[in-house]
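Participant: Need the 3D shape of this:
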Amino acid sequence: MSSFETICEELKITHTKLVAVSKTKPVEEIMPVYHKGQRIFGENKVQEMVDKQEQMPKDIEWHLIGHLQTNKVKYIAPFVSMIHSIDSLKLLNEVEKQAAKNNRVINILLQMHVANEETKFGLDQTELIELMDYYLSNPKNYAHVNIVGIMGMATNTNDTNQIRNEFKQLKGIFQFIKNSYFINKKDFAEISMGMSSDYTIAIEEGSTMVRIGSLLFGHR
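Facilitator: Numbering: from 1, shown residues only. This is a model prediction of the structure:
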C-alpha cells in the first residue's frame, strides 16, 4: 500500500479531510495522486497555484495554505476553493472585494498564531475578537466570503507535548468562536491543523483537515 493509500485509510476512520500539499512539485509528480482519487491540493505560493490550476484538471479544489499578500488575492479569486490563511481584517476585506468581482463566495479559515515562533503568521486572541466583531457588525459587507473554520501551525519541535498543547489551544479557540459567534452556523466546522510531521497528534486533538506534503511527494 502506498503512503497515499495508507494515509487515506487513517483519515477515513476519523472523517478527516486530506489537503495534498503539492508546493514546489511539478505537475507530473502530482498527477499520480490525482489519479488515485485525490481532489484537494494545497499550495502556498500564488503564482505556482495559478500555473498548476491552468495545467491540471478542473475538478480540483485548490486551497491556498501559505501567507497571502493582499495584492495577490486577485490572481486566485476566480478559482480558489478555500483560503486557509486569513490573518488580518485588511486581507479579509480584499478577499471579499475580489470574490465580489468574480461573483463568487470564497470559503476562508482564520489563521491563528499558537506556535512559540515569531516567524509564523496568524491572529492573536485580541485581533481575532476585533475581526469577528467587525465582521458580524457589517454582514452586508461580507456577502462573498464565508468563514468556515480556523487554521494553525504548531511549533517546529520534537516536543510532542508542546505540539499537543498547541493543538489543544487551537481546538479551544475554535470552540470559543463557535460558541461566541457561530453557534447556529453549521458550516463553521473546520479545524485545519497537522502536517506530515504531526498530523496524527492533530487528528487526536480534533483536526478536521490535515495538510500533508512530504509524506506524499517526498521531501523538498
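Participant: So the residue nearest the centre of the chain: helix, strand or coil?
Facilitator: Nearest to the geometric centre of the chain sits residue 84, at 3.0 Å (C-alpha atoms, centre = their mean). Assigned with DSSP: H, G, I helix; E, B strand; the rest coil, residue 84 falls in the strand class.
Participant: which residues does it contact?
Facilitator: By C-beta atoms under 8 Å, 6 or more residues apart in numbering, the contact set of residue 84 is 42, 63-65, 108-109, 111, 151, 192, 211. For every residue, glycine as well, the C-beta is placed using N, CA and C.
Participant: and what of residue 16?
Facilitator: Contacts of residue 16 by C-beta under 8 Å, 6+ apart are 203, 207-210.
Participant: Mind checking which of these land in helices?
Facilitator: Judged by DSSP state H, the subset of the contacts of residue 16 located in helices is residue 203.
Participant: Dump the contacts of residue 16 to a markdown table, plus neighbour count and distance to residue 17.
Facilitator: Shown next, in a markdown table, are these (neighbours: other C-beta atoms under 10 Å; distance: C-beta to C-beta, whole Å):
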| residue | neighbour count | distance to residue 17 |
| --- | --- | --- |
| 203 | 19 | 11 |
| 207 | 26 | 9 |
| 208 | 19 | 6 |
| 209 | 25 | 4 |
| 210 | 26 | 7 |
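Participant: from the contacts of residue 16, which two are the most distant?
Facilitator: Within these, 203 and 209 form the most distant pair, 10.1 Å apart (C-beta to C-beta).
Participant: what are the ranges of the helices in this structure?
Facilitator: Counting by DSSP H, residue ranges of the helices within the chain are 3-14, 27-35, 46-55, 73-76, 89-101, 125-137, 160-181, 199-204, 214-217.
Participant: Nearest to residue 146, out of these?
Facilitator: Residue 146 lies closest, by C-beta to C-beta, to one member of the helices of the chain: helix 89-101, at 9.4 Å.
Participant: now for that closest one, which elements pack on it?
Facilitator: Packing partners of helix 89-101 (3 or more C-beta pairs under 8 Å, 6 or more residues apart in numbering; DSSP states H and E): helix 73-76, strand 82-86, strand 106-112, helix 125-137, strand 145-152.
Participant: which parts of the shortest one are buried?
Facilitator: Looking back up the chat, that one is helix 73-76. Neighbour counts over helix 73-76 (16 or more other C-beta atoms under 10 Å) mark 73, 76 as buried.
Participant: Quick check: residue 150 vs residue 102, distance?
Facilitator: Going from residue 150 to residue 102 by C-beta to C-beta, to the nearest Å gives 24 Å.
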